[in-house]
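[1] Below are the sequence and a predicted model for it; my questions follow.
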Amino acid sequence: MRVPRVYVDQALNNDEISLDERAAHYVGQVLRMRAGRELVLFNGDGNTYTATITETGKKHVLCQLDAAPLTATTSSPLKIELGIAISKGDRFDWVIQKATELGVTAITPLFSERVDVKLSGERLEKKQRHWQQIMISACEQCGRNDLVTINTAQPLAQWRNSLSSELKLVLCPAVKGGIATTHASDVALLVGPEGGLSDSEITDCLAQGFAALQLGPRVLRTETAPIAAISILQYRWGDLA
């Protein structure tokens, strides 16, 4: 029987713990697990903790930690920060899920000139919480023990000006360019919206040290391009064999 992995937003330094509200709901109401079942818990500190459920209720689940934490290296040696223009529907959710599985370090949702999504105030805060949950669920599924940083959505120029990455890449379907660097350990990857980045946005990026990256002769969709690029980077300098 598969042992579920569950993220808990709390310290795991006691023998017995009461799961936080989200984890308790997931374990008790969604998975319908009862006393005696085993769990694997993680809280983003890089470790995993085996536990056994001792008590369940409608709103609470108690667990007994079984042993010392297990350190499992699931973080990629390559640091990738993905800056990606916000897209409509569930495409952006899909990118967050797959980028998490592929080992990115951080994801920054961006507002660029051709982004046709209006988010602000409470609606933006709700989206940020939703994206955080998408990331956590992906970590639970893929065996990742560290969390991806989901930065606050911001204008492209603000993100671009804040970067200190060793290598900065902007996907440009119309500009021929590959990865010339022999090695990199810290990469910033910029992906535009459905309509692409504007000429002025690309010019500004190139002027600030970005290198253009073309992924081949075909134009990839905004949800496909980052996954292809991340996979290439992880194969070259990360942990994809």
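    On my side now, so go ahead.
[2] Report the central residue of the chain.
    Nearest residue to the geometric centre of the chain (C-alpha atoms, centre = their mean): T100, 3.6 Å.
[3] Pretty sure that one sits in a helix.
    Yes: looking at T100 with DSSP: H, G, I helix; E, B strand; the rest coil, it is inside a helix.
[4] For the remainder of this discussion, apply numbering that starts at 50.
    OK, 50 is where the count begins now, so the last one is T149.
[5] Tell me the confidence at it?
    T149 is assigned 98 on the pLDDT scale.
[6] element containing the residue lying closest to it once chain neighbours are set aside?
    Among residues not flanking T149 along the chain, A187 sits closest, at 3.9 Å (C-beta to C-beta, 6 or more residues apart in numbering). Using the backbone N, CA and C atoms, a C-beta is placed for each residue, glycine as well. A187 belongs to helix 170-191 when assigned by DSSP states H and E.
[7] Okay, buried residues for that helix please.
    By neighbour count on 16 or more other C-beta atoms under 10 Å, the buried set for helix 170-191 is 176-177, 180, 183-185, 187-189.
[8] what's the closest of these to C112?
    Comparing those against C112 with C-beta to C-beta places E189 closest, at 15.7 Å.
[9] Distance check, that closest one against L80.
    According to C-beta to C-beta, to the nearest Å, E189 and L80 sit 11 Å apart.
[10] picking that back up, could you verify my assumption that the residue nearest to the centre of the chain touches G192?
    No: contact between T149 and G192 fails when scored by C-beta atoms under 8 Å: they sit 11.3 Å apart.
[11] quick revisit: which residues do E189 and L80 both contact?
    P53 (C-beta atoms under 8 Å, 6 or more residues apart in numbering).
[12] which residues of this protein fall in helices?
    Assigned by DSSP state H, the chain shows helices spanning 70-74, 140-150, 170-191, 205-211, 248-256, 274-286.
[13] Tell me which of the ones you listed lies nearest to D235.
    Among the helices of the chain, the nearest to D235 by C-beta to C-beta is helix 274-286 (9.8 Å).
[14] got the contact list for the closest residue to D195 other than its chain neighbours?
    Nearest residue to D195 in three dimensions, chain neighbours excluded: S124, at 5.1 Å (C-beta to C-beta, 6+ apart). Counting by C-beta under 8 Å, 6+ apart, S124 touches 95, 152, 193-195.
[15] and stretch 147-158, which residues are buried?
    So, applying 16+ other C-beta under 10 Å, buried residues of stretch 147-158: 147-154, 156-158.
[16] Contact partners for E70?
    Contacts of E70 were listed using C-beta under 8 Å, 6+ apart, and they are K108.
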